[in-house]
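A.B. asks: My questions concern the predicted model and sequence given below.
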Amino acid sequence: MKHAKFPWKKLLFPSLWVVLMLAVISAAVLTAVFTAGKENTIVAYVSYLTAFYSLVILCLACWKTLPAWYKRTKEKFHQNTYAARYLTDAAFKIRVSLYIALLIDMIYVAVNGAASAIYRTFWFGIFAVYHAVMAIMRFVLARYAAYNELGAKRQEELRRVRLCGYILFAVNLSLLGAVLMMIYFDRGFSYYGVMIYVMALYTFYMTATAIVDLIKLKKYNSPVMSAAKVIKLTGAMVSMLSLETAMLSQFGTDTAPQTRRIMIAATGAGICIIIAVMAVYMIVRSTKELRLFRKRNTIYGTSN
């Protein structure tokens, strides 16, 4: 008599409704556990195992279905004129991305500004200033990109990029204020339940894509396109700092306060240094190239 084989395939690749149901249940139970502060109970340990299993089968389901779904979706997008242009035209994609990010920054400015006035705290005010500065940089680039072909008027693009380089120092000032409040006033971010994992995934995705895009866009020879990705990378790094404070708040309750301050200070200092280096690089390179243009124009009497 043959022994029945264990249904590994069904266990790892259950029906779609099972995957969705387990994901929803795990999220709900984890949220309840964290909200009630029952992290060290039997119910919590069972919920951890269920959540891990849900994550595994969800990842396997995505691995099995997403490639074909992505291919079909991409084919449908290419049938639409604007969607096809967004996928194939890097300059058009930068224009759209700048306006979308500009709108989001303006919403953040309004929300944080209102919260700062209502709760009478500098914490929200600092982030209102941060998003206002980011919005100014994106507006400077988006306004140029809306009326000009990217890469065609290099001197004008260089001037815009140099201006954004100077404005980046204002980002560092607002970020420094946020870091000081995190260290000395124990301020930070917190996300309930599985939201912290969603934010972590989003933050790592934004950081990775910003770095990849920054490298890929060099071939287009457009300073504005490169500057737009520098701004995106700046936002991703600030999100990384916010995620760190949320992770410490969620999982670092046993960490000594001094250790938490050192970790936040180190991350904040590292991000500020990177932003400052990018700002200096943008200013120095733009200024050097503009001087070459002026020198050439003086010698040959040409203009660009």
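C.D. replies: On my side now, so go ahead. Residues are numbered from 1 along each chain as shown.
A.B. asks: all contacts plus neighbour counts: C-alpha atoms, from now on.
C.D. replies: OK.
A.B. asks: Quick one: distance of the longest helix anywhere in the chain to the chain centre.
C.D. replies: Criterion DSSP state H: the longest helix present in the chain is helix 257-300. Helix 257-300 sits 20 Å away from the centroid of its parent chain (C-alpha atoms, centre = their mean, to the nearest Å).
A.B. asks: mind giving me the domain ranges of the protein?
C.D. replies: 15-69, 82-101+129-178+188-300 (automatic domain parsing).
A.B. asks: what's the most buried one of these?
C.D. replies: Sort these by mean neighbour count, taking mean count of other C-alpha atoms under 10 Å, and domain 82-101+129-178+188-300 sits at the top with a mean of 18.
A.B. asks: can you give me the helices in the stretch 1-150 of the chain?
C.D. replies: For the stretch 1-150 of the chain, applying DSSP state H, counting those that start in this stretch gives helices covering 8-12, 16-36, 42-78, 81-88, 90-119, 122-147.
A.B. asks: With distance to G268 and mean pLDDT added, can I get those helices in JSON lines?
C.D. replies: JSON lines is the format used below for the helices of the stretch 1-150 of the chain (distance: least, C-alpha to C-alpha, whole Å; pLDDT from 0 to 100):
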{"stretch": "helix 8-12", "distance to G268": "41", "mean pLDDT": "65"}
{"stretch": "helix 16-36", "distance to G268": "28", "mean pLDDT": "76"}
{"stretch": "helix 42-78", "distance to G268": "31", "mean pLDDT": "77"}
{"stretch": "helix 81-88", "distance to G268": "35", "mean pLDDT": "77"}
{"stretch": "helix 90-119", "distance to G268": "21", "mean pLDDT": "89"}
{"stretch": "helix 122-147", "distance to G268": "14", "mean pLDDT": "88"}
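A.B. asks: Would you reformat the domains of the chain as TSV and include distance to V109?
C.D. replies: Converted to TSV, the domains of the chain look like this (distance: least, C-alpha to C-alpha, whole Å):
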stretch	distance to V109
domain 15-69	29
domain 82-101+129-178+188-300	6
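A.B. asks: Tell me which of those sits nearest to Y108.
C.D. replies: For those, the distance to Y108 is smallest for domain 82-101+129-178+188-300, at 6.5 Å, taking C-alpha to C-alpha.
A.B. asks: still on that earlier bit, quick one: mean pLDDT for the longest helix of the chain?
C.D. replies: For helix 257-300, the mean pLDDT works out to 89.
A.B. asks: Kindly spell out which helices and strands sit in contact with it.
C.D. replies: helix 154-184, helix 223-251 (3 or more C-alpha pairs under 8 Å, 6 or more residues apart in numbering; DSSP states H and E).
A.B. asks: So which other helices or strands are in contact with the shortest one?
C.D. replies: By that I understand helix 223-251. Helix 223-251 is packed against helix 90-119, helix 122-147, helix 154-184, helix 195-216, helix 257-300, with contacts defined by 3+ C-alpha pairs under 8 Å, 6+ apart.
A.B. asks: Of all the helices and strands packed on helix 257-300, which one is nearest S190?
C.D. replies: Judged by C-alpha to C-alpha, the one of the helices and strands packed on helix 257-300 that comes nearest to S190 is helix 223-251, at 4.6 Å.
A.B. asks: now the angle between helix 195-216 and that closest one, please.
C.D. replies: Computed by axes from the mean of the first three to the mean of the last three C-alpha atoms, to 10 degrees, the angle separating helix 223-251 from helix 195-216 equals 160 degrees.
A.B. asks: one step back: could you export the helices of the stretch 1-150 of the chain as CSV, including distance to P257?
C.D. replies: CSV is the format used below for the helices of the stretch 1-150 of the chain (distance: least, C-alpha to C-alpha, whole Å):
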stretch, distance to P257
helix 8-12, 42
helix 16-36, 21
helix 42-78, 26
helix 81-88, 47
helix 90-119, 25
helix 122-147, 20
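A.B. asks: Out of the ones you listed, which gets nearest to L163?
C.D. replies: Nearest to L163 among these is helix 122-147 (8.3 Å), distances taken as C-alpha to C-alpha.
A.B. asks: between the closest one and helix 90-119, how big is the angle?
C.D. replies: Going by the same axes, to 10 degrees, helix 122-147 is angled at 150 degrees with respect to helix 90-119.
A.B. asks: Show me what helix 122-147 is packed up against.
C.D. replies: The helices and strands touching helix 122-147, judged by 3+ C-alpha pairs under 8 Å, 6+ apart, are helix 90-119, helix 154-184, helix 223-251.
A.B. asks: export those to CSV and tack on distance to A36?
C.D. replies: Converted to CSV, the helices and strands packed on helix 122-147 look like this (distance: least, C-alpha to C-alpha, whole Å):
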stretch, distance to A36
helix 90-119, 26
helix 154-184, 25
helix 223-251, 13
